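> Provide a 3D model corresponding to the input given below.
(one chain, ligands or ions: 1)
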Amino acid sequence: MAVDINESLENFSKALQIKTISYPETEKFDFDEYAKFISFLKETYPLVHEKLDLKIINDYALLYHWKTESDDLPIMLLAHYDVVPVNEGTWTHEPFDGVIKDGKVWGRGTIDDKNSIITIIETVEDLLKNDFKPKRDIYMAFGYDEEVMGQRGAKHIVEYLKKENMKFECILDEGGLVAPGSMMGIDAELAVIGIAEKSQCNYEIIFKGDQGHSSSPPKSTAIGKMSAFIQDVENHPRECRLTKPVEEMLKNVSVYQSGLAKMFMKNPSRHFSLIKKSMVGGRQTNALIRTTTAFTMAESGTAANVLPDYAKVVVNVRVLQGDTPEMITDWLNSFNHDFELKPLYLEAPSSISNIDSKAYEILGESIKETFGDIMITPYLMIGGTDSRQYSELSENIYRFTPFKLDAHEIELMHADDEYISIENFEKMLEFYEKFIKKMAG
Ligand SMILES: [Zn+2]
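Model prediction:
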């Protein structure tokens, strides 16, 4: 058995043509497109909609349930069908045309994350067609605002599942992938599985100033006070810390190192003070070992010769495991500058998943059978996925999209000319079939 690849690609192309773009502002959503996407799934995958229960949560979030007689904990596959907005007029093939050309499928959502939805649901439709009988319950949950924090989709799905007292054997979401090792300075391909992710906290910080004419200014204006604070925070970042996902990753990657680097990375906790020195030097590696702050927006002033009566700045904090939103709030206050601190959005970092589980082992087997005998390593995601909201529902939450991207393709995420190769699309189908059969066969 295997799905008809041409038919699957046609379905994928149609899914890409529906403009399910998400925005931070609810009023910008075109919910007709979201309704269209749901109708498209219903028309295209008749068996899924006949045999599985579908619960639509908070209008557009989709929770499918493939029921069995088994008492074993169910498994869950996650994906999201919203996409980020596009630049107009800069794409080689129109972003919402679903063009299939040169061995690739082009368009917004081809690698993030309609590829996951379509290959998962194609696989399940095909399993149903072939009369596959799962030995445990299977759930699929599709969010519709992952790109803007998942507060409408994933959050409500999780609330519902918690009310039902659900627990899952494992939850698989987008995230890691098979990547060239060059991105980690090694000479081999590797599959990275996200076992934890950082969270975001956003604060608005307001500094007051004296109004008046700029010809007789105070020693520091509101803007000056704001700048002093920003400098202070940037000069005194949160302390570095080794968390389990990063420790495991360093240990695994040490195999490909030589000399002193190998020795240090083999035992990262013992040599952390040395490893830290080199990791803080790179932006990506620095983000792996500490909570980071980025001042991202500022506003003040009305005219060149008028003293500003306020200045405000927004800081985006990416919280590492071990820190909590309360700790970050206290920390910002501890700088002892004169300001008003307004939390805009607070969220704790995800739990750290287990890597000694049967599910992790099966995930690894499915990866090796699909992509060959490559190195597999857990890692920490510095970006976010819907799955962080599922922390309480399973000890085994893994973030892995089963495709192999090169450095150029990785950069296409959220960028112009996003595409997926047909080869990768086929790999995804192959992987999900293996994974589901191993977990529930
Ligand atoms: Zn995504």
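
> got the contact list for the lowest-mean-pLDDT helix or strand in the chain?
In the chain, no helix or strand scores lower on mean pLDDT, DSSP states H and E than helix 259-266, which sits at a mean of 90. The contact list for helix 259-266, computed with CB atoms under 8 Å, 6 or more residues apart in numbering, reads 250-251, 253-255, 257, 271, 274-275. Using the backbone N, CA and C atoms, a C-beta is placed for each residue, glycine as well.

> of these - the most surrounded one?
Most neighbours among these, by other CB atoms under 10 Å: Leu250, with 26 neighbours.

> that residue touches Pro268, doesn't it?
Yes: Leu250 lies in contact with Pro268 (CB atoms under 8 Å); the separation is 4.3 Å.

> what do the two both touch?
The contact lists of Leu250 and Pro268 share Ile275, where a contact means CB under 8 Å, 6+ apart.

> now Ile420: phi and psi?
Main-chain dihedrals, Ile420, degrees, to the nearest 10: phi -130, psi 140.

> that one: what's it in contact with?
The contact partners of Ile420, by CB under 8 Å, 6+ apart, come to 104-105, 110-111, 115, 403.

> ranking these by neighbours, who comes first?
Thr110 (29 neighbours).

> can you pull up the bridge partners for the closest residue to that residue other than its chain neighbours?
Using CB to CB, 6 or more residues apart in numbering and skipping residues adjacent in sequence, the residue nearest Thr110 is Ile420, 4.3 Å away. Per DSSP bridges, the residues bridged to Ile420 are Val105.

> tell me the pLDDT at Ile420?
pLDDT, the model's per-residue confidence, is 98 for Ile420.

> check the gap between it and the ion for me.
13 Å (CB to the ion, to the nearest Å).

> who's in contact with stretch 4-16?
Residues from elsewhere that reach stretch 4-16 (CB under 8 Å, 6+ apart): 37, 40, 44, 81, 96-100, 105, 107-110, 114-115, 117-119, 122, 422, 425-426, 429.

> restrict those to contacts with the ion.
Counting by CB under 5 Å from the ion, nothing from these sits close to the ion.

> kindly write the PyMOL command that selects the buried subset of these.
To isolate the buried ones among the contacts of stretch 4-16 in PyMOL, judged by 16 or more other CB atoms under 10 Å, type:
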select buried, resi 37+40+44+81+96+98+99+100+105+107+108+109+110+114+115+117+118+119+122+422+425+426+429
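
> in strands only, show me the contacts of stretch 4-16.
Judged by DSSP state E, strands contain the following of the contacts of stretch 4-16: 100, 105.

> what helix or strand does Ala359 sit in?
helix 358-371 (DSSP states H and E).

> with His93 instead?
Counting by DSSP H and E, there is no helix or strand that carries His93.

> for the remainder of this discussion, apply numbering that starts at 418.
Okay, residue one is now 418; in that scheme the one you just asked about reads as His510.

> mind listing what Lys468 touches?
Lys468 sits next to 483, 545 when contact means CB under 8 Å, 6+ apart.

> what does the one 4 residues further on give?
For Lys472, the contact set (CB under 8 Å, 6+ apart) comprises 479-482, 577.

> now, of these, which are buried?
Here, 16+ other CB under 10 Å leaves 479-481, 577 buried among the contacts of Lys472.

> tell me the buried residues in stretch 443-451?
In stretch 443-451, residues buried by neighbour count (16+ other CB under 10 Å) are 446, 450-451.

> sorry, back to before: the contacts of stretch 421-433 in helices, which ones?
Taking DSSP state H, the ones among these that sit in helices are 454, 457, 461, 531-532, 534-536, 539, 839, 842-843, 846.

> residues contacting the residue nearest the centre of the chain?
Nearest to the mean C-alpha position of the chain, counting by CA atoms, centre = their mean, stands Thr802 at 2.8 Å. By CB under 8 Å, 6+ apart, the residues touching Thr802 are 495, 563, 590-592, 611, 614, 816.

> show the buried residues in these.
495, 563, 590-592, 611, 614, 816.

> identify the farthest-apart pair in the residues you listed.
Glu563 and Gly611 (14.1 Å; CB to CB).

> can you list phi and psi of the residue nearest to the centre of the chain for me?
According to degrees, to the nearest 10, Thr802 has phi -140, psi 170.

> could I get the pLDDT score of it?
Residue-level pLDDT assigned to Thr802 equals 95.

> Met418 now?
On pLDDT, Met418 comes in at 53.

> over to the one 10 residues further on?
For Asn428, the pLDDT comes out at 98.

> returning to that earlier point: out of the contacts of Thr802, which are close to the ion?
By CB under 5 Å from the ion, no member of those lies near the ion.

> quick one: which of these sit in strands?
495, 590-592, 611, 614, 816.

> coming back round to it: mind putting the buried ones among the contacts of Thr802 into CSV with distance to Leu829 and pLDDT?
Compiled in CSV, these are given as follows (distance: CB to CB, whole Å; pLDDT from 0 to 100):
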residue, distance to Leu829, pLDDT
Leu495, 22, 98
Glu563, 18, 96
Asp590, 20, 98
Glu591, 15, 98
Gly592, 16, 96
Gly611, 19, 98
Glu614, 21, 97
Arg816, 19, 98
